[in-house]
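J.: mind folding the following:
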Amino acid sequence: QVQLVESGGGLVQAGDSLRLSCAASGRTVSLYAMAWFRQAPGKEREFVASISFSGDTTSYADSVKGRFTASRDNARNTVHLQMNRLKPEDTAVYYCAARYYYASTKRVDYNHWGQGTQVTVSA
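T.: Take a look at the predicted model:
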């Protein structure tokens, strides 16, 4: 089992930056691909970014490409999401997710989830 705890959310203005963190514990976390999803009120949970277990490969949703960067520190079992040039439409609860070995952009492929952290971007 893998436990995930997100942190770093908050209220910012459009154009600001935030850095989300996800602390992982449990099994050999370094063998797990990690991802970030988000869910805005009244909307489905959507893929934001993923990072391979080694950290060599990342994938991003088109809506955040060029603004968000996923990274990981396997020595500290931590994954980060650097969010720059934030927009009001980025407002959502952001979730960290994990699945063994292979990364995916599909929500259904992830079986370990954190509780989420709120990000609110004002205009």
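J.: residues contacting the closest residue to N84 other than its chain neighbours?
T.: Distances taken as Cβ to Cβ, 6 or more residues apart in numbering place S17 nearest to N84, at 4.7 Å, with adjacent residues excluded. No exception for glycine: its C-beta is placed from N, CA and C like everyone else's. Residues near S17 by Cβ atoms under 8 Å, 6 or more residues apart in numbering: Q82, M83, N84, R85, L86.
J.: the first one sits in which helix or strand?
T.: Translated: Q82. Element membership for Q82, per DSSP states H and E: strand 78-83.
J.: run me through the strand neighbours of that strand, direction for each.
T.: strand 18-26 (antiparallel), strand 68-73 (antiparallel) (DSSP bridges).
J.: before we move on, the earlier item: who wins for neighbours among the contacts of S17?
T.: M83 (25 neighbours; other Cβ atoms under 10 Å).
J.: so that one bridges to which residues?
T.: Under the criterion used (DSSP bridges), M83 bridges to L18, F68.
J.: that one contacts V121, correct?
T.: No - counting by Cβ atoms under 8 Å, V121 is not a contact partner of M83; they are 9.1 Å apart.
J.: what sits up against stretch 96-114?
T.: 1-6, 20, 22, 24, 29, 31-37, 45-47, 50-53, 57, 59, 61, 79, 95.
J.: ends of it, what's the gap?
T.: This stretch, stretch 96-114, spans 5 Å end to end (Cα to Cα, to the nearest Å).
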